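K.L.:
Pasting the sequence and the predicted coordinates here, then a few questions.
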Amino acid sequence: MLRTNFNKLLHTSVRRGLKMSSLPDIKSLSALHSTLEEAKRAAAYRAVDENLDLQRHRVIGVGSGSTVIYVAERLGQYLLDPKFSIFASQFVCIPTGFQSKELILMNGLQLGSIDQYPTVDIVFDGADEVDANLQLIKGGGGCLFQEKLVSTSAAKFVVVADYRKRSPKYLGTNWVKGVPIEVVPSGYVRVLKDLKVKLKCENAVLRQGAPAKAGPVVTDNCNFIIDAHFGEIEDPAKLHQDIKMLVGVVETGLFIDNASKAYFGNPDGSVDLLG
Ligand SMILES: O=C(CO)[C@H](O)[C@H](O)COP(=O)(O)O
């Protein structure tokens with residue numbers, strides 16, 4: 001069975017022009033165009049190397065954003081290393097949106113869906129802000145519903161981020177664009193009103209697609225996103241619950257008691273671990 005999958009992988013790799021090679025050491029790779037990108041890559045590679053259990057993990061969630069690009073790249077490198085490919089060819093990768101689906105396919109990985117695989121072994125995903133208790137703001141890229149669906153279906157959720165994402169204390173300090181909230185399109189006016197009147201939100205705006213699109217951002221689930229400003233958030237769990245109660249809300253970008261650790265890449269190439 002393993003051998004058949006391995007042969008299938010070899011044929012697929014050859015067809016796609018991918019060459020078998022050994023898992024590269026990050027130090028041997030060419031420099032990226034900025035220290036920020038280096039930081040993201042360092043966090044992602046280390047998170048994958050330290051948390052991926054080749055013997056046990058089969059269903060792997062791949063999140064969204066610019067840091068996760070390096071997670072998918074690293075998983076693809078495992079697939080191309082003859083030492084690891086016998087295991088990596090068994091991976092089924094679950095995307096959290098259109099972008100991550102593309103990343104999975106581009107790196108030669110096998111694509112699955114959350115409805116085929118409702119139990120996920122491990123998920124790697126980015127974040128917009130992470131506090132000391134591993135509570136998160138996510139959804140800057142508009143994929144929060146599927147990200148929450150996959151991360152809460154996973155036995156382990158590992159955050160990959162750069163140094164800018166680490167909160168000094170309260171969520172809402174570094175990420176000042178507001179808490180992303182996915183809403184049903186016909187309910188957005190009602191949610192905007194309830195956020196201001198019932199939850200005393202400082203400001204809430206419908207996220208716009210301009211300049212790429214005139215009109216609102218439409219999510220992969222055909223919904224809208226509201227960005228709601230609450231300043232510094234002392235009790236993210238309560239705020240999440242309060243927002244969730246509003247009619248028209250699909251999901252909030254507050255990820256509560258969900259992540260088990262976070263890797264933060266630094267400009268000097270080092271990585272800090274929280275959790
Ligand atoms: O939640 C997200 C998308 O909805 C992303 O994970 C988050 O915005 C982080 O992205 P990046 O790695 O580009 O900083």
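P.N.:
Okay, I see it. Residues are numbered from 1 along each chain as shown.

K.L.:
Now for Gly231, how many residues are close by?
P.N.:
13 (other Cβ atoms under 10 Å). All C-beta atoms are positioned from the backbone trio N, CA, C, and that covers glycine.

K.L.:
Model confidence at it, what's the number?
P.N.:
At Gly231, the model reports a pLDDT of 97.

K.L.:
element containing it?
P.N.:
Per DSSP states H and E: Gly231 is located in neither a helix nor a strand.

K.L.:
what's the helix or strand for Asp227?
P.N.:
Judged by DSSP H and E, Asp227 forms part of strand 224-229.

K.L.:
Kindly report the same for Gly65.
P.N.:
Gly65 belongs to no helix or strand, assigned by DSSP H and E.

K.L.:
That one and Gly141 touch, don't they?
P.N.:
Yes - the pair Gly65 / Gly141 is scored as a contact, 5.0 Å apart, by Cβ atoms under 8 Å.

K.L.:
packing partners for the strand holding Asp227?
P.N.:
On a contact count with 3 or more Cβ pairs under 8 Å, 6 or more residues apart in numbering; DSSP states H and E, strand 224-229 meets strand 179-183, helix 188-197, strand 203-206.

K.L.:
Buried residues, stretch 144-158. List them.
P.N.:
144-151, 153-154, 156-158 (16 or more other Cβ atoms under 10 Å).

K.L.:
ugh, typo on my part, it should be stretch 59-67
P.N.:
Val59, Ile60, Gly61, Val62, Gly63, Ser64, Gly65, Thr67.

K.L.:
So which residues on the stretch 101-250 of the chain come close to the ligand?
P.N.:
Asp125, Gly126, Ala127, Asp128, Lys138, Gly139, Gly140, Gly141, Gly142, Cys143, Leu144, Glu147 (Cβ under 6 Å from any ligand atom).

K.L.:
Just confirm Ser100 is within a helix.
P.N.:
Yes - under DSSP: H, G, I helix; E, B strand; the rest coil, Ser100 sits within a helix.

K.L.:
Output the below-cut-off pLDDT ranges for this protein.
P.N.:
1-18 (pLDDT under 70).

K.L.:
So in it, which helix runs the longest?
P.N.:
Identified as the longest helix of the chain according to DSSP state H is helix 35-51.

K.L.:
what about the helices in the stretch 51-200 of the chain?
P.N.:
For the stretch 51-200 of the chain, the helices defined by DSSP state H, counting those that start in this stretch occupy 68-80, 85-88, 98-106, 144-151, 188-197.

K.L.:
Who are the packing partners of the second one?
P.N.:
Using 3+ Cβ pairs under 8 Å, 6+ apart as the contact definition, the elements that helix 85-88 packs against are helix 2-15, helix 68-80.

K.L.:
swap in the fourth one?
P.N.:
Contacting helix 144-151 under the criterion 3+ Cβ pairs under 8 Å, 6+ apart are the following elements: strand 92-95, strand 120-125, strand 179-183, strand 249-252, strand 254-255.

K.L.:
what's the answer for the longest one, then?
P.N.:
With contacts defined as 3+ Cβ pairs under 8 Å, 6+ apart, helix 68-80 has these neighbours: helix 2-15, helix 35-51, strand 59-62, helix 85-88, helix 98-106, strand 120-125, strand 154-162.
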